[in-house]
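Student: Return a 3D structure for these sequence lines:
(chains A and B)
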Amino acid sequence: MKPLLIAVYAATLLMAGCSRKSNQPAPLQSTATGTAIVESSGGKQIGYAGMLLDQPVVVQVNDASGNGVAGTAVYFSGPAGVSFAPAAALTDSSGQVTSTVELGQQAGRYKIVASTRDKSGKAIDLSLDEIALGYQQTVGAQLNTQYCVRCHDPESTPQRVSNMDNLSVKPHPFTEGDTLNKMSDADLVAIISHGGPALNKSPQMPPWGYTLSKSDIAALVSYIRAVADPPYQAGGLVYAQK
Amino acid sequence: MKNNLHALWQLFFGDSARAFGSASVILLVLLAVAPAKNHFSQWRHYQKQYLHLIRGRADAVTLERHFQGGIQQIWIPEQQVTDRCTTCHLGMKEASLADVSSVAFREHPVIPHKLTEFGCTTCHRGQGAATTVEEAHSATEQWEQPLLPAKYIEAGCGQCHLENQTGTPFLNQGRQLIVSYGCTHCHTIKQGDGTYVTPDDDPPSLKHIADKTTREWVYAWIKDPQAYAGTATMPNYHLSDDDARDVSAFILAQSTPLEPPLQPVKADTKTPADPAAGTSLYGQSFCASCHAMQNAAGMMVGGNVGPELTGIGTKAKPEWLQDWVANPNHYDPGTMMPHYRFDAAQVATLTGFLESKVEPDFVANVHLDAATPEQVEHGKRLAVENGCASCHEINGIKKPENFAPELSRIGSKPLNQLIFVEGVEHSLPGYVAGKVRNPRAFGPSLKMPQFKFTPQQIDAITTALLALTDRAQSQPPTMRIASVQQSKYQPAGNAGQLMGDLRCFTCHMINGHGGDMAPDLTWEGTAVQREWLTQFLKNPETLRPALIRRMPKFNLRDAEINTLADYMMTVYQTPEFDRDSLPVSQFNPAQVEQGRQLFYSKFACQSCHIADYKNDKGYIGPALAATGKRFNAAWVYYWLKDPQALRPGTIEPNQHMTDDEARALTAFLMSLKSGGAQGAMKK
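Tutor: Below is the predicted model:
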């Protein structure tokens, strides 16, 4: 009987030792509360599926007069697969919390939420959209950087001066969903392949169909769709719910 | 209790007939276990779910026709692929299922390969032959390679693709970091095609270090290289104060004086007559093309080919600076820095300017007594133990062989050969990333130093390392896409020596050898006119207004310019066409006018190029206002017809011009001779 007891005891110990430690962080003790939570930076980033976003997400908790509140707990959450480091933290002396974000494994849009509680314990939420590119969109993003941004992006950097202001007809930035979402895939492919005149637009958009391959151009279109703001809704078949 | 058991026994096995009956029933039940297990297996459950899903959709009939029940398998014996993943992942090829929320049934995202040709586990890992969720995706007792997390998925591509690919930015970045941080000074990486990964960080030789800098600076640098320059690639060895004292003592003690010795600095370099002269010479020489320096506003401006110069006056001794500026070959024959032809006054100006760039705080708190022989001896021992000579040339220490573990198959390393510590995820990616992030966490006595990488850089390096698998080593050579290797091209003769001295290949590529900072010059002799080339070498003008990096002015003598121009015009010729085959004399004014129309209307070239500085503003491509002075007509014509044929990778789009259009445009462009770029800049 005695060996049996010892075995049971050992097994219990083993199981206790192996049982997974809880990953839940200890609840944070807020020393102050704010009335609003606002984005400082890090929203609307274009990242890659399954990867860290380039920039961390920084949010700020403010009081009624718009000043940062230190020592308030902020919790981050998002769809399945999104992870935050840290997922919860107290605001620093300027009222801010910084968290690095890893997006989920699927390409698409991720709505992440930063949340805090006001004096009465009511949750105040701030939601931010982040974009995860898949393989095809990544190829598109690279081609965009190589061939398109200099004219289609109005922002200049020291390494890359924007050419947009030098053009008599201003190109559409690829994020300009209001305009580009109305164009069909076939139209986009046509204008990229054969230049502006293909759709009675300016020849300042040159034809790329003799320089880029068909799959390159398909990748560019999928990139343009991925970064559209407001988001692009694919047309075509409407499926029954489920 | 005992009676009850006995009664039960009697009931079922009391006599031979009962025993036979009972035994038969038990046998039947046992026989039924296997079919039942099969019937209730996980994959059948998924197939039922899938059928349920597609029946609700508009294209149910098509989807049902594609559906095949039972275990599905992709079998590619030559790649050791036996993947049953498609048994449950049924919608992989169905474009209409791209929007399904369940990962199991969604269409596979677009990739350049067919699933049937490469299988699933080739890239994703996991246990392909398994038919349960747990076994297929996770590590089990018999299977150590679980599914690769999505953020490292590009490691799959890297097993075959040794070249840089558009679709794998993280793999490319990771490989670049491994090369530029010199990981392979210590770790050997032999790729599947038999080539070795070679570092390009070019760590300096320490043989004459005492001529260059002080012991105090060496001490502060060893303690924290990034405190001197954020871009420094030297890692931190976390040496104690005493150890750093002894290593700095040894490093200085082993140094021997240069031959011939450095000349003392003339007293007047520190107080130049014209304080702005140094800044303007630094600018004119385009030092910033390669070197970064913090400007007055605290912004880092400049390239990353050479070291950052913000605190160079604290680091380098004046007599060394003077010698280096005059001719870098004297101190380091292997440097990437060109030998500018500065005169004595310019050398003094630039030396004085660089001396004034100081960061006194960096060495302010370093107070070292004279080194004792014991300290030097101990410093040498530390230098040997830490493998300093893996990267640096040091008098008295040989470069160690295989100083750190080989990483050629790190991506397939069995977990039982790894030692994990608290806080590191128990998986291969977790181990590799943990090692790159904080190597000393795996044991204080480990030698690997601390690099300063961002979390994203760590993921990129991990991706590149995970691509170094057994599969990458053992697969058939036909599967491999080789990386682009630098050729061994060296120009010959006097011109070759001159080009070496000027380090043309630091920036320019010629015949597959050189850098990618400046244009490829392989066909330069066909492209340009000799007169223009000599003028350009004498005084490089601005060709691309939007670029920060420019060709420096080397102050070449006329004889040197002639040597270079003769060589380039003769040797760097394309075999495809003759540069004189399209004489300008055959163009007529009507063609020029037609070309002008085409330039401004049909092809809208002014979007990117400037033909006329008054009206045009495009500055993506080079300014073309002096084309008639710069280029040969034949080059312009063939360039217009197919730019990528003359310079692969150029972003000028192929406009698919007709021969007549290209000829007319050439006529127009060759007529542009009035204002060079410099003329316009002066306005």
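Student: Any chance you could list what contacts the strand or helix carrying B:Ile251?
Tutor: Using DSSP states H and E, B:Ile251 falls within helix B:241-254. For helix B:241-254, the external contacting residues (CB atoms under 8 Å, 6 or more residues apart in numbering or on different chains) are B:206-207, B:209-210, B:215, B:218-219, B:222-223, B:239, B:368, B:371-372, B:375-380, B:382-383, B:388, B:394-397. Backbone N, C-alpha and C define where each C-beta goes, glycine included.
Student: now stretch B:332-349
Tutor: By CB under 8 Å, 6+ apart, stretch B:332-349 touches B:202, B:204-205, B:266, B:268-269, B:272, B:277-278, B:281, B:285, B:290, B:305-306, B:322, B:324-329, B:350, B:501-503, B:506, B:552, B:554-557, B:560.
Student: rerun at 7 Å
Tutor: Applying CB atoms under 7 Å, 6 or more residues apart in numbering or on different chains, the set of residues contacting stretch B:332-349 from outside is B:202, B:204-205, B:266, B:268-269, B:272, B:277-278, B:281, B:285, B:305-306, B:322, B:325-329, B:350, B:501-503, B:506, B:554-557.
Student: Just the buried positions in stretch B:122-138, please.
Tutor: Neighbour-count burial for stretch B:122-138 flags B:Thr122, B:Cys123, B:His124, B:Arg125, B:Gly126, B:Gln127, B:Gly128, B:Ala130, B:Thr131, B:Glu135, B:Ala136, B:His137 (criterion: 16 or more other CB atoms under 10 Å in any protein chain shown).
Student: Strands of chain A, start to end?
Tutor: With strands called from DSSP state E, chain A shows them at A:36-41, A:46-48, A:57-62, A:73-77, A:83-85, A:88-90, A:96-102, A:108-117, A:123-133.
Student: quick one: which of those strands is nearest chain B?
Tutor: Chain B lies closest, by CB to the nearest CB, to one member of those: strand A:96-102, at 6.3 Å.
Student: Show me what the closest one is packed against.
Tutor: Applying 3 or more CB pairs under 7 Å, 6 or more residues apart in numbering or on different chains; DSSP states H and E, we find strand A:96-102 packed against strand A:57-62, strand A:83-85.
Student: what sits up against the shortest one?
Tutor: So the one you mean is strand A:83-85. With contacts defined as CB under 7 Å, 6+ apart, strand A:83-85 is touched by A:Phe76, A:Ser99, A:Thr100, A:Val101, A:Glu102.
Student: again, only using 8 Å
Tutor: Contacts to strand A:83-85, defined as CB under 8 Å, 6+ apart, come from residues A:Phe76, A:Ser77, A:Gly78, A:Ser99, A:Thr100, A:Val101, A:Glu102, A:Ile112.
Student: all helices for chain A, in order.
Tutor: In chain A, the helices defined using DSSP state H lie at A:2-18, A:135-143, A:149-152, A:177-180, A:185-194, A:214-227.
Student: got TSV for the ones you listed, with mean neighbour count and mean pLDDT too?
Tutor: Formatted as TSV, these follow (neighbours: other CB atoms under 10 Å in any protein chain shown; pLDDT from 0 to 100):
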stretch	mean neighbour count	mean pLDDT
helix A:2-18	9	48
helix A:135-143	24	93
helix A:149-152	21	93
helix A:177-180	15	91
helix A:185-194	17	95
helix A:214-227	21	94
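Student: Minimum distance to A:Gly121: which of those helices has it?
Tutor: helix A:2-18 (35.9 Å; CB to CB).
Student: I appreciate the help and will end here.
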